[in-house]
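Trainee: test case, fold it:
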Amino acid sequence: MKRIFLFWSLLFCFGTSFAGDKEIIKSELSEVTVYSNGAQIYRKSNFNTKPGITEFIIEGVSPNIDPKSLQVKATGAVIIIDSKYSTYYPEPVKVKLEGLPLKIRNDIRFLRDSIENVQFALKEIQDEIDVLNTSKTILANNGAIRGQGKVNDSIQLLKQAMDYYQVKMNELNKKIQVLQRKKADQTEKLNTMNSRLSDLENYQSSNEPVQPKGPIHRISITVQCKEAVAGKFTVSYLVSGASWVPSYDLRAEILTGKVNLTYKASIQQNTGEKWDNVRLTLSTNDPYQNKTKPELHPWYIDYYAMYYNEGRLNSYSNIESTAKAPMAQGADMDAEVAQTSMDFTTMIDRVIAAEYKIDLPYTIESDNESHLVLVKTTDVNANYRYYCVPKVDASVYLVAEILKLDELQLVPAKANIFFDGTYMGETYLDPTTMNDTLTLSLGKDPNIIAKRIVLKKDLKDKVIGNDRERVMSYEISVKNLKNNDIELVIEDQIPLSTNGEIVIEALETSKAEYDKSTGKLKWVVDLKSKDAKKFVYSFKVKNPKDKDLRF
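Mentor: Down below sits the predicted model:
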């Protein structure tokens with residue numbers, strides 16, 4: 001018997017210990033890592049626990065949590081048994097009337113009884129008024145009053161009927177007026193009592209506990225320890241409803257020979273949590289993107305035969321296994337590109353992404369509005385040159401060539417261009433497609449003149465055997481009207497052929513850089529002030545004489 005009692009006692013103690021206590025603790029949002037899609041939230045909280053099992057509850061977290069991403073760390077000699085995200089629907093707090101002051105309770109009861117009595121009195125008055133109005137209707141519709149029946153034949157009867165109608169109708173109207181006055185007095189009294197009752201009820205509601213509105217999103221952390229422990233929780237979780245988009249400002253100044261690059265991030269969040277005075281980290285990673293490596297499966301090839309089936313043409317494979325063979329699978333892997341940093345930013349180069357820790361705290365409301373964050377401001381070296389392609393456009397353009405662009409580790413984004421304080425337009429920076437030099441066109445310079453003409457005196461067109469040979473010749477002239485020397489790059493081209501019957505040969509290039517694979521001609525000229533130069537190039541085209549060419 002003692003053994004049985006001891007067994008049940010131990011079982012009860014163990015069950016009580018395992019059930020543990022529940023305690024709601026406060027937490028503060030300490031850090032946020034914003035991804036291109038989503039955000040990682042970090043919270044910190046202090047706790048004190050007694051020996052045994054305790055469940056701590058953190059409320060006020062985002063409703064957009066991915067439960068699988070929840071991570072909890074704790075300091076101190078505790079063991080984390082469980083951690084989970086849940087939605088709690090609290091019950092309304094019931095407040096009894098007896099909890100109010102005695103005078104307020106008595107006034108409310110008295111008013112409710114009085115209002116009920118006044119409502120009954122109003123009902124009685126209205127019933128009397130209805131009866132009197134009905135009597136008036138009957139009287140007005142009586143045949144004698146309306147001149148129907150024998151009354152039409154007797155003046156005496158008509159006179160008696162009219163006298164009775166006047167006396168009786170005046171009597172009814174006076175009674176109705178008295179009742180209407182009583183009704184107005186009672187209605188005013190009822191309105192006054194209702195207003196007073198409303199004030200008392202407002203006093204009651206102002207002293208009630210705040211009623212919970214909507215569900216409460218919370219994280220539960222269950223810990224176990226052998227002795228009392230004071231420690232800290234570090235909680236992190238992934239949420240949807242947040243993103244950031246990069247953008248650039250490029251400010252060029254020809255006098256300094258540099259370009260100022262300002263790297264900004266537009267952050268949006270609608271997570272349900274206010275990011276109040278927190279440290280932000282921007283990451284190029286997308287946690288919702290597919291992370292599974294693609295696999296190749298056997299690729300089967302076979303002949304297909306055609307057959308008719310109920311008047312329809314169908315195909316089938318000679319080998320049944322071919323139709324059942326799995327298709328080749330693959331997935332495009334988006335290139336992860338590192339970003340930049342800023343004066344208050346530390347760049348962390350991850351294996352598959354880049355992160356930028358911004359030391360300045362920011363406050364971002366959960367309003368889905370764009371909030372601008374400065375990431376980087378830096379000066380980069382640039383070469384300023386003038387370019388012209390007279391075959392396409394006779395204008396000469398000033399171009400800034402930003403060097404060593406790959407060291408900036410940019411991400412694709414739009415960029416606003418400013419030159420000497422003037423907005424020049426918008427461009428798109430895509431480091432995945434360009435080399436280590438970025439070329440920015442800053443506009444036309446009217447003080448540099450370029451012209452391209454055909455030298456007709458050098459044109460030749462003759463037939464030799466079955467072939468036709470033509471020689472084309474062009475002259476490019478440039479002149480610098482500016483007060484300073486410039487470096488000018490001139491571009492033109494010699495045509496290319498993809499047909500073996502058409503043979504193209506460059507005859508004269510005036511010492512241009514000639515790329516035979518593209519046909520491009522390039523002259524780099526140091527043009528002094530008020531100086532002018534000319535360049536001539538020509539080429540020969542040979543093709544069968546019975547076929548026309550289009551230039």
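Trainee: only C-alpha atoms from now on, for both contacts and neighbour counts.
Mentor: Fine.
Trainee: my guess is Arg218 contacts Ile65, does it?
Mentor: No - using Cα atoms under 8 Å, Arg218 makes no contact with Ile65, being 10.0 Å away.
Trainee: joint contacts of these two?
Mentor: Both Arg218 and Ile65 are in contact with Tyr85, where contact means Cα atoms under 8 Å, 6 or more residues apart in numbering.
Trainee: the helix or strand that Asn260 is a member of pairs with which strands, parallel or anti?
Mentor: Assigning secondary structure by DSSP states H and E places Asn260 in strand 258-269. Looking at strand 258-269 with DSSP bridges, its partner strands are strand 242-253 (antiparallel), strand 371-389 (antiparallel).
Trainee: buried set for that strand?
Mentor: Within strand 258-269, the residues that count as buried by 16 or more other Cα atoms under 10 Å are 258-265, 267-269.
Trainee: give me the residues contacting that strand.
Mentor: Applying Cα under 8 Å, 6+ apart, the contact partners of strand 258-269 are 241-253, 340, 342, 364-383, 402.
Trainee: which residues are in contact with the next helix or strand after that strand?
Mentor: Heading C-terminal from strand 258-269, the first helix or strand you meet, by DSSP H and E, is strand 275-283. Contacts to strand 275-283, defined as Cα under 8 Å, 6+ apart, come from residues 29-36, 244, 353-366.
Trainee: now do the strands in the stretch 351-500 of the chain.
Mentor: 354-364, 371-389, 393-402, 413-419, 422-429, 438-444, 448-454, 460-464, 467-480, 486-493 (DSSP state E, counting those that start in this stretch).
Trainee: neighbours of Tyr35, just the number please.
Mentor: Neighbour count of Tyr35, defined by other Cα atoms under 10 Å: 23.
Trainee: should've said Leu296
Mentor: Neighbours of Leu296 using other Cα under 10 Å come to 10.
Trainee: which pLDDT value does the model give it?
Mentor: Looking at Leu296, its pLDDT is 84.
Trainee: tell me how far Gln71 lies from Ser220.
Mentor: For Gln71, the distance to Ser220 (Cα to Cα, to the nearest Å) stands at 12 Å.
Trainee: check Thr518 too.
Mentor: Here Thr518 is placed at a distance of 66 Å from Ser220 (Cα to Cα).
Trainee: joint contacts of Gln71 and Ser220?
Mentor: Shared between the contact lists of Gln71 and Ser220 (criterion: Cα under 8 Å, 6+ apart) are residues Ser83.
Trainee: okay, these two: which has more neighbours?
Mentor: Shown here are Gln71 and Ser220; by other Cα under 10 Å, Ser220 has more neighbours (18 against 14).
Trainee: show me what the helix or strand that contains the more buried one is packed against.
Mentor: Following DSSP H and E, one finds Ser220 within strand 216-225. For strand 216-225, the packing partners by 3 or more Cα pairs under 8 Å, 6 or more residues apart in numbering; DSSP states H and E come out as strand 52-59, strand 79-88.
Trainee: got the angle for the helix or strand just after that strand vs strand 79-88?
Mentor: Note on strand 216-225: by DSSP H and E, the next helix or strand toward the C-terminus is strand 229-239. Calculated by axes from the mean of the first three to the mean of the last three Cα atoms, to 10 degrees, strand 229-239 forms an angle of 50 degrees with strand 79-88.
Trainee: Asp185: what secondary structure?
Mentor: What DSSP: H, G, I helix; E, B strand; the rest coil gives for Asp185 is helix.
Trainee: give me the neighbour count for it.
Mentor: 12.
Trainee: confidence score at it?
Mentor: Reading off the model, Asp185 has pLDDT 85.
Trainee: most tightly surrounded among the helices and strands packed on strand 216-225?
Mentor: strand 52-59 (a mean of 20; mean count of other Cα atoms under 10 Å).
Trainee: so, low pLDDT: which residues of the stretch 151-300 of the chain?
Mentor: Low-confidence segments of the stretch 151-300 of the chain (pLDDT under 70): 151-158, 203-213, 291.
Trainee: whoops, the chain was the one
Mentor: In the chain, residues with pLDDT under 70: 1-20, 92-100, 142-158, 203-213, 291, 303-353, 406, 409, 432-436, 551.
Trainee: one more pass at 50, please.
Mentor: For the chain, the stretches flagged by pLDDT under 50 are 1-2, 4-18, 307-308, 310-311, 313, 315-342, 351.
Trainee: and stretch 510-528, what's buried?
Mentor: 512, 514, 520-523, 527-528.
Trainee: now those residues as TSV including distance to Lys540 and secondary structure?
Mentor: Formatted as TSV, those follow (distance: Cα to Cα, whole Å; DSSP: H, G, I helix; E, B strand; the rest coil):
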residue	distance to Lys540	secondary structure
Ala512	17	coil
Tyr514	15	strand
Lys520	16	strand
Leu521	15	strand
Lys522	19	strand
Trp523	21	strand
Leu527	30	strand
Lys528	33	coil
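Trainee: ok, of these, which one's closest to Gln289?
Mentor: Nearest to Gln289 out of the buried residues of stretch 510-528 is Lys520 (Cα to Cα; 42.1 Å).
Trainee: list the contacts of the closest residue to the closest one other than its chain neighbours.
Mentor: Leaving aside its chain neighbours, Lys520 sits nearest to Gln493 (4.3 Å; criterion: Cα to Cα, 6 or more residues apart in numbering). By Cα under 8 Å, 6+ apart, the contact list for Gln493 reads 519-521.
Trainee: now, which of these sits nearest Ser135?
Mentor: Nearest to Ser135 among the contacts of Gln493: Lys520, at 112.0 Å, using Cα to Cα.
Trainee: give me the number of residues near Asn499?
Mentor: Residues lying near Asn499 (other Cα under 10 Å) number 8.
Trainee: from Pro544, how far out is it?
Mentor: 11 Å.
Trainee: swap in Phe418?
Mentor: 53 Å.
Trainee: cool, and Lys84?
Mentor: Distance of Lys84 to Pro544, given as Cα to Cα: 81 Å.
Trainee: what about Pro390, how many neighbours?
Mentor: Pro390 has 20 neighbouring residues, counting by other Cα under 10 Å.
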